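Q: 3D, please:
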Amino acid sequence: MSAPFDAFRTARWFRTINLLLQALLVLTLVGGLNYLARNHPVRFDLTRLRRFSLSPETLSYIRNLRQPVRIVVTQSADDNEAPELRGLLQEYKIATEANPNAQITVDYIDVYQDRRKAEELGLKQPGVIRLFSGDRSRALTVNELYKTRRIEDKSTNLPGATTLERTHFQGEQALTGAVLDVSSPDRKKIYFLSGHGELDPGSTDPARGLSDVRDQLRLRNFDVDTLDLAAARQVPLDASLLIITRPQSRYRPAEQELLREYLGARAGRLLLFLEPGLEVGALGLGLDELLFDDWGIIVDDDLIWDTGSNNITEDGELLLYSFQDHPVTKALITSNTPLRLGLARSVHPNPARSVGNGLTTVTLAATSPGAWGEKEYRKVPFAYNPGIDFRPLPGLDPKDRLGVIVAAEKTAVRPGLAFSVRGGRVVAFGTGDLIANQRIADAGNQTVFISAVNWAVDRDTQLNIPARPIERFQLALSAGELARLRYALLFALPGLSAFLGIIVYWTRRH
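A: Sure, this is the predicted structure:
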């Protein structure tokens, strides 16, 4: 009697030990997998466009950062403006986890619920990405992360209504450029020229001061200073950009030569703001050879006048809606934001400039077709006089419009190199107070100025990171098809599972 009992007890112990060993093996397997995942992670991006992978260029940069970078994203409770952004920022964090001294960290702040924390960081609006590294910072907007196109707006019955559609996500290019900018120990230096009655970056005067612009530039990791060419007799070697704002007296020949040498031999960069009322040539500022001969830019001695009600504000300010596609105007086009100007003069490329000499000029912003350049602007009332006043020149883009902002860039092909070498850059504005304290708060004015500065100093243009197209999937179902799909999910799938269970039960029972 004892043998069967002993055999049964032995088998039970074997089964118990077997179950314990299985449990131990499962725990060991799970623990080992977690150890490997924690200490030796391997990630695979199986998406068709590799949406969750950083480019080799970005990885080579951020894995060699010398100091940590903090990224703060402002959002509201219901904010979903950039669905691709959160995944991209996670990739930046993961890529720098192996470098404890220079990691990228990401924080999200609700500007309405965490108002105190947002104000401490200088953040007031949702949809802003700000990067911090040491005492340097840089701000990006959500619009800078996308390429867009204008399409018909079918959500409204208004004829001709359009809206903007995002076509490509270029967040990696924008973020990598910003990370490199704030983490670099070298800060680009901008000089405002003085000595000729220019606007003063140290003044808080609404009409004559540029203190708000100075603060905006410092906020974006620029050093700002003033430069009197007559006193210094040279352009400093650390000058990344020169800005001339509303000069009132003529530049001496020695100063003109310093500017020409800086822009030519040193591939310098210049932003020039010229108000009406002073000629640019021999009787005025003495900048003819610099702009006309060297850069193919003509600044007319006129005053732009427009009688269209949609193009002039109640205060007599000029509104510009026409922009050419260019890095300087991209943000204006994307946000559909106009420029608001005071007195302005026409600026346009020289139609007789030689082709193939490495000089490229483009009219960035232009008036409406009904505007003209009033030559006798010291006499009122204004009226267009054929043969005297300026009309748009034929053959220049944009057609039938007077240019107000023109950009020029030089490139050169060096012997033995298969690519061109970028030279100097000039942006000429036909208005003098676009960035004065009383105007820089306007969204369009600030946008075009910051974009012009970024383009002039090569910010965000050194990276060869392609933009990823945004994929859209649409499932069109009628009301009947939607109802059938609902019933199938509610009854068909559970019913199929129950039927298979009954078959298994019946098979095992018989």
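Q: Show me the strands in the stretch 151-300 of the chain, by range?
A: Per DSSP state E, counting those that start in this stretch, the stretch 151-300 of the chain carries strands over the ranges 162-169, 189-193, 223-227, 239-245, 269-273, 297-299.
Q: The helix or strand that the last one is followed by packs against which elements?
A: The reference is to strand 297-299. Per DSSP states H and E, the first helix or strand lying C-terminal to strand 297-299 is strand 303-305. With contacts defined as 3 or more Cβ pairs under 8 Å, 6 or more residues apart in numbering; DSSP states H and E, the packing partners of strand 303-305 are strand 372-374. All C-beta atoms are positioned from the backbone trio N, CA, C, and that covers glycine.
Q: Who are the packing partners of the strand it packs on?
A: When contacts are defined as 3+ Cβ pairs under 8 Å, 6+ apart, strand 372-374 packs onto strand 303-305.
Q: Could you export the strands of the stretch 151-300 of the chain as JSON lines, including mean pLDDT and distance to Glu84?
A: Formatted as JSON lines, these follow (pLDDT from 0 to 100; distance: least, Cβ to Cβ, whole Å):
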{"stretch": "strand 162-169", "mean pLDDT": "77", "distance to Glu84": "5"}
{"stretch": "strand 189-193", "mean pLDDT": "96", "distance to Glu84": "33"}
{"stretch": "strand 223-227", "mean pLDDT": "94", "distance to Glu84": "34"}
{"stretch": "strand 239-245", "mean pLDDT": "95", "distance to Glu84": "32"}
{"stretch": "strand 269-273", "mean pLDDT": "95", "distance to Glu84": "32"}
{"stretch": "strand 297-299", "mean pLDDT": "91", "distance to Glu84": "39"}
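Q: among those, which is nearest Glu279?
A: strand 297-299 (8.8 Å; Cβ to Cβ).
Q: Name the nearest residue to the residue nearest the centre of the chain, sequence neighbours excluded.
A: Closest residue to the average C-alpha location of the chain: Glu144 at 3.3 Å, with Cα atoms, centre = their mean. Once flanking residues are discounted, Glu144 sits nearest to Ala174: 5.2 Å by Cβ to Cβ, 6 or more residues apart in numbering.
Q: how near is the one you found to Asn454?
A: Distance, Ala174 to Asn454, using Cβ to Cβ, to the nearest Å: 11 Å.
Q: before we move on, what about Gly308?
A: Gly308 is 32 Å from Asn454, by Cβ to Cβ.
Q: more neighbours, the two?
A: Higher neighbour count among Gly308 and Asn454: Asn454, with 19 against 12, using other Cβ atoms under 10 Å.
Q: ok so that one is a helix residue?
A: Yes - assigned with DSSP: H, G, I helix; E, B strand; the rest coil, Asn454 falls within a helix.
Q: low pLDDT regions in the stretch 351-500 of the chain?
A: For the stretch 351-500 of the chain, the stretches with pLDDT under 70 are 353-356, 395, 412-422, 460-467, 471-475.
Q: all strands of it, in order?
A: Assigned by DSSP E, counting those that start in this stretch, the stretch 351-500 of the chain shows strands spanning 359-366, 372-374, 403-413, 420-429, 468-469.
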